[in-house]
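1. Show me the folded form of this:
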Amino acid sequence: MNQEELLKEYTIIENRISEVVDFFATHKEEKPYKQFYKGISTLQSPLIYKPDILFVGINNGDGEYKEAMNNNKPIPVNACLDGNEPPKEINWFKGGNARGRFRKPKEWVSHNWYQRDKKVNNQFPKNMIDLLFEIAKLKYPEANHNYDNISVPFWHDEFGENIMYTNLYPVSTTDTKGLKKVHQALAKEATLKDLWKTSQGDEKAINEWVVRKYFISSINHLVKLIEPKVIVCMGMAALNDFTYTVHKGKEIVRTERTFDEKKIPVVGFSRKGSWNSRIPKIAKVIAPFLVPNQVSSTI
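-> Numbering: from 1, shown residues only. Take a look at the predicted model:
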């Protein structure tokens, strides 16, 4: 499948949220949306056919919203609904996103993502970059993994550019409590009732979970379209919702889901606390799916 065909099919997926985009364009200043809604954001990376990894988070935070407000710009709507291509680069690799500092009160110094000896600006992309370095060690066991912190690592052009990142839910909020408030409010909107009915299933009424299922179904469609080698859920909330299960008290979970009779491995990990000791363990669960005949039977 070429990129033009892939984008055409993906646009069909995003068109499912066009009514939601239009709704917020009209109602974003009303309660409770004015308090919690920080925009709509779908793909956080390029659109790739058969990526090594599809990373799935719960939803986007308010970083883009704050940046827009600081620059007197509209609330961001990062979607491909107009047929434009998604972002060219996964946003963890964006300069200054993981590492940077203020040299003077108003003079910001941006560091590249691979300059791992520089001051951390944002812990989440820093952790994800560290995870990619650990996975690369296992994916390329014969390579030299001594990095100079001034050059792009050798694995970036192959492995680094063959991963995708999206979220289960497109509505951006400051935290998951705000996301829940927005979903609860959306479930009560009469103008969106027909939309939610398509994923109501056995639920007696349209509620927050029905709204979430509607958005999750778009991710299911995405998985069928791109066929990733492995899906990695960032956080247990994302894993539980995506797999319709409940995992309590676990740091790392390995499971699978079936899409059109094709089983795709799913890995989920906890984002709570410090990741430093957990990252090598997570990498050991993910990497075997990227190297043929190396998947172990246990975590």
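
2. As a check, name the ranges of all strands in the stretch 151-299 of the chain.
-> Taking DSSP state E, counting those that start in this stretch, the strands of the stretch 151-299 of the chain run over residues 163-169, 230-234, 252-259, 262-269.

3. Buried deepest among those, which one?
-> Burial of these is given as mean neighbour count (mean count of other C-beta atoms under 10 Å); strand 230-234 ranks first at a mean of 24. To be clear about C-beta, it is placed using only N, CA and C from the backbone, and glycine gets the same treatment.

4. quick one: contacts of that strand?
-> With contact meaning C-beta atoms under 8 Å, 6 or more residues apart in numbering, strand 230-234 is reached by 52-58, 128, 223, 239, 242-243, 257, 264-269, 271, 286, 289-290.

5. Please repeat the previous calculation with a cut-off of 6 Å.
-> 53-57, 239, 242, 265-268, 286, 289 (C-beta atoms under 6 Å, 6 or more residues apart in numbering).

6. what do you get for stretch 205-225?
-> Residues outside stretch 205-225 that contact it (C-beta under 6 Å, 6+ apart): 9, 13, 16, 168-169, 183-184, 186-187, 196, 199-200, 203, 259-260.

7. ok, back up a step: just send the contacts of strand 230-234 back as TSV, with pLDDT too.
-> Output for those, formatted as TSV (pLDDT from 0 to 100):
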residue	pLDDT
Ile53	98
Leu54	98
Phe55	98
Val56	97
Gly57	95
Leu239	96
Phe242	96
Pro265	97
Val266	97
Val267	97
Gly268	96
Ile286	97
Phe289	96
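
8. ok, which pair from the residues you listed is furthest apart?
-> Gly57 and Phe289 (19.0 Å; C-beta to C-beta).

9. Just name the closest of the contacts of stretch 205-225 to Gly235, please.
-> The nearest member of the contacts of stretch 205-225 to Gly235, counting by C-beta to C-beta, is Leu168 at 9.9 Å.

10. what comes into contact with the helix or strand bottoming out on mean pLDDT in the chain?
-> Among the helical and strand segments of the chain, the one scoring lowest on mean pLDDT, DSSP states H and E is helix 63-70, with a mean of 74. Contacting residues not belonging to helix 63-70 are listed as Lys38, Gly39, Pro76 [C-beta under 6 Å, 6+ apart].

11. Now do the helix or strand that that helix is followed by: everything it contacts.
-> Counting by DSSP states H and E, the element after helix 63-70 in chain order, helix or strand, is strand 77-78. Contact partners of strand 77-78, identified using C-beta under 6 Å, 6+ apart, comprise Gly39, Ile40, Ser41.

12. circling back to that earlier point, highest neighbour count among the contacts of helix 63-70?
-> For these, the largest neighbour count, defined by other C-beta atoms under 10 Å, is 26 neighbours, found at Lys38.

13. In the least confident helix or strand of the chain, which residues are buried?
-> Gly63, Glu64, Tyr65, Ala68 (16 or more other C-beta atoms under 10 Å).

14. show me the contacts for His27.
-> The contact partners of His27, by C-beta under 6 Å, 6+ apart, come to Tyr33.

15. picking up where we left off before, what's the lowest-pLDDT member of the contacts of helix 63-70?
-> Ranked by pLDDT, the contacts of helix 63-70 bottom out at Pro76 (74).

16. Run the angle between the lengthiest helix in the chain and strand 163-169 for me.
-> Longest helix of the chain, by residue count under DSSP state H: helix 208-226. With axes from the mean of the first three to the mean of the last three C-alpha atoms, to 10 degrees as the basis, helix 208-226 and strand 163-169 are set at 160 degrees to each other.

17. Need the three-state assignment for the nearest residue to Ile150 once chain neighbours are set aside.
-> Excluding the flanking residues, the one nearest Ile150 by C-beta to C-beta, 6 or more residues apart in numbering is Gln115, at 6.9 Å. Counting by DSSP: H, G, I helix; E, B strand; the rest coil, the backbone at Gln115 sits in coil.

18. I'd guessed Gln115 sits against Asp148; true?
-> No - between Gln115 and Asp148 there is no contact under C-beta atoms under 6 Å: 9.8 Å.

19. what about these two, which has more around it?
-> The neighbour count for Gln115 versus Asp148, taken as other C-beta under 10 Å, is higher for Gln115 (18 against 9).

20. Please read off the pLDDT at the more buried one from the model.
-> Predicted confidence (pLDDT) for Gln115: 96.
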